[in-house]
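# Return a 3D structure for these sequence lines:
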Amino acid sequence: MRFGPTTVLAAACLVLAGCATQQQIVQGQENALAAAGFSIRLANTPERQHELATLPPHQIAFQEREGKTVFVYADPTFCHCLYIGDESAYQKYWLLAFQAQIAEQQLQAAQLNWSTWSWGPWGRGWWW
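Numbering: from 1, shown residues only. As a prediction, this is how the structure comes out:
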């Protein structure tokens, strides 16, 4: 099964934040989109409102515009906006999602090592 970067980033945000709200998850995704170079466009015209309504919410979709692939993320729930990026921005976003997944795996490994590490005769937590 293959997961897209939005799913990976959302999962990483959930695990890192514990019980994160939907708004926190979306905010994390949108922060990553902005960091990757996506531009934000408010749905403040009838055309943009129509496009926002026709795109899958909180997912990256791609479209062909003027012979180029454009990646679009629609948020009809919180900001009522579109994030629009090119291939370069999408690749950067994917890299951020991949890095977040690696960071989460490293955190889980560190937590596992911490809980199983032997403190010898002092026992775990001997200093407190």
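# going forward, measure contacts between C-alpha atoms and count neighbours the same way
Fine.
# Only C-alpha atoms, please: export the longest strand anywhere in the chain in PDB.
In terms of residue count, the longest strand belonging to the chain (DSSP state E) is strand 68-75. What follows is strand 68-75 as a C-alpha-only set of coordinates in PDB (Å, rounded to 0.1, in the frame of the first residue of the first chain):
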ATOM      1  CA  LYS A  68       2.200  22.500 -17.100                       C
ATOM      2  CA  THR A  69       1.300  20.300 -14.200                       C
ATOM      3  CA  VAL A  70       0.100  22.300 -11.200                       C
ATOM      4  CA  PHE A  71      -0.600  20.800  -7.700                       C
ATOM      5  CA  VAL A  72      -3.600  22.100  -5.800                       C
ATOM      6  CA  TYR A  73      -4.600  21.500  -2.200                       C
ATOM      7  CA  ALA A  74      -8.100  22.600  -1.200                       C
ATOM      8  CA  ASP A  75      -9.100  23.600   2.300                       C
END
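# Name the next helix or strand downstream of that strand, please.
strand 81-85 (DSSP states H and E).
# List of residues touching that next one?
30, 33-34, 37-43, 52, 70-75 (C-alpha atoms under 8 Å, 6 or more residues apart in numbering).
# Show me how far the longest strand of the chain is from its chain's centre.
Centre-to-centre, strand 68-75 and its host chain are 15 Å apart (C-alpha atoms, centre = their mean, to the nearest Å).
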